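Visitor: okay, here's the prediction I keep looking at, along with the sequence it came from:
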Amino acid sequence: MKNIIGNSAGKVWKFLNTNGSSSVTKVANETGLSKTDIQRAIGWLAREEKISIVQKGRTETIALES
């Protein structure tokens, strides 16, 4: 399971590095990862302090920490 989550986190990081700040839905659609895998990857990256998460209304946006 750790390998799956780590690989998903890598895909999310690469997407954000290329495309910048994005909604969780956009990241899921563009990477082909399931919502569950996206949420696990976000948790992994947040724990490592690699991303920031901003909630505006119903939209959750994630971005790489600078």
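Guide: Arrived safely, thanks for sending. Numbering: from 1, shown residues only.

Visitor: so where do the strands sit in the chain?
Guide: Using DSSP state E, the strands of the chain run over residues 22-23, 51-56, 59-64.

Visitor: using JSON lines, lay out those strands together with distance to I42, mean neighbour count and mean pLDDT.
Guide: No exception for glycine: its C-beta is placed from N, CA and C like everyone else's. Formatted as JSON lines, the strands of the chain follow (distance: least, Cβ to Cβ, whole Å; neighbours: other Cβ atoms under 10 Å; pLDDT from 0 to 100):
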{"stretch": "strand 22-23", "distance to I42": "12", "mean neighbour count": "16", "mean pLDDT": "95"}
{"stretch": "strand 51-56", "distance to I42": "7", "mean neighbour count": "12", "mean pLDDT": "93"}
{"stretch": "strand 59-64", "distance to I42": "6", "mean neighbour count": "15", "mean pLDDT": "94"}
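
Visitor: out of those, which comes closest to E30?
Guide: E30 lies closest to strand 22-23 among the strands of the chain, at 7.8 Å (Cβ to Cβ).

Visitor: who are the packing partners of the closest one?
Guide: strand 59-64 (3 or more Cβ pairs under 8 Å, 6 or more residues apart in numbering; DSSP states H and E).

Visitor: I'd like the strands of the chain as a markdown table, with distance to I4 appended.
Guide: Formatted as a markdown table, the strands of the chain follow (distance: least, Cβ to Cβ, whole Å):
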| stretch | distance to I4 |
| --- | --- |
| strand 22-23 | 21 |
| strand 51-56 | 18 |
| strand 59-64 | 19 |
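
Visitor: of the ones you listed, which approaches K2 most closely?
Guide: Closest to K2 of these is strand 51-56 (Cβ to Cβ; 18.5 Å).
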